[in-house]
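Colleague: Sequence first, predicted model second:
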Amino acid sequence: MSAVYALRREVFVIEQGVPEELEVDEDDKIAAHLAAFSDGRVIGTLRILRNERTAKIGRMAVSAPSRKEGIGRELMEFAAAAASRDGAEEIVLAAQFTAREFYRKFGYIEEGAAFDDAGILHVMMRKEF
């Protein structure tokens with residue numbers, strides 16, 4: 001987990017300017033964490049929280065040198081398969097506004113108005129199985 005947290009810190013705190021105290025939260029204790037590895041290093045991660053029939057994906061991060069190599073796609077596909085296998089009927093996520101098109105490729109649809117989260121514009125997105 002220390003490598004997962006290090007990657008998230010690199011992406012969210014250092015690159016995107018998210019306040020460090022907001023990056024790790026209580027949900028980390030109860031979430032399932034996925035990690036992608038290359039040469040023994042964590043190069044991608046996300047977490048999944050379950051609430052009855054809904055799975056929530058969050059904290060999706062891929063290291064800068066590994067972007068555009070399909071790591072995010074593989075994480076999202078694995079997360080959706082795992083959520084479905086575990087009985088989820090839908091997945092929700094708070095997408096950074098600039099990443100909406102990435103999530104649309106997996107069938108996620110925007111819901112509601114854009115909102116600020118840690119100084120970054122987001123929108124909720126949903127995918128039903």
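Modeller: Okay, I see it.
Colleague: what is the rounded mean pLDDT of stretch 72-80?
Modeller: Mean per-residue pLDDT for stretch 72-80: 97.
Colleague: For that stretch, buried residues please.
Modeller: Residues of stretch 72-80 classed as buried by neighbour count (16 or more other CB atoms under 10 Å): Gly72, Leu75, Met76, Ala79, Ala80. From N, CA and C alone the C-beta is placed, and that goes for glycine too.
Colleague: Could you identify the longest strand within this structure?
Modeller: strand 41-51 (DSSP state E).
Colleague: For the protein, give me the ranges with low pLDDT.
Modeller: Counting by pLDDT under 70, not a single residue of the chain qualifies.
Colleague: Which stretches in it count as strands?
Modeller: Assigned by DSSP E, the strands in the chain fall at 32-38, 41-51, 54-62, 90-96, 109-117, 120-128.
Colleague: Among those, show me which one is buried the most.
Modeller: Highest mean neighbour count of the strands of the chain: strand 54-62, a mean of 21 (counted as mean count of other CB atoms under 10 Å).
Colleague: What lies in contact with that strand?
Modeller: With CB atoms under 8 Å, 6 or more residues apart in numbering as the test, strand 54-62 has contacts from 7-8, 10-12, 27-28, 31, 36, 43-50, 71-72, 75-76, 79, 83, 86, 88-94.
Colleague: who does the longest strand of the chain touch, helix- and strand-wise?
Modeller: helix 2-8, strand 32-38, strand 54-62, helix 71-85 (3 or more CB pairs under 8 Å, 6 or more residues apart in numbering; DSSP states H and E).
Colleague: Partner strands of the third one, with direction?
Modeller: Strand partners for strand 54-62, identified by DSSP bridges, are recorded as strand 41-51 (antiparallel), strand 90-96 (parallel).
Colleague: What of the second one?
Modeller: Here the strand partners of strand 32-38, with direction, are listed using DSSP bridges: strand 41-51 (antiparallel).
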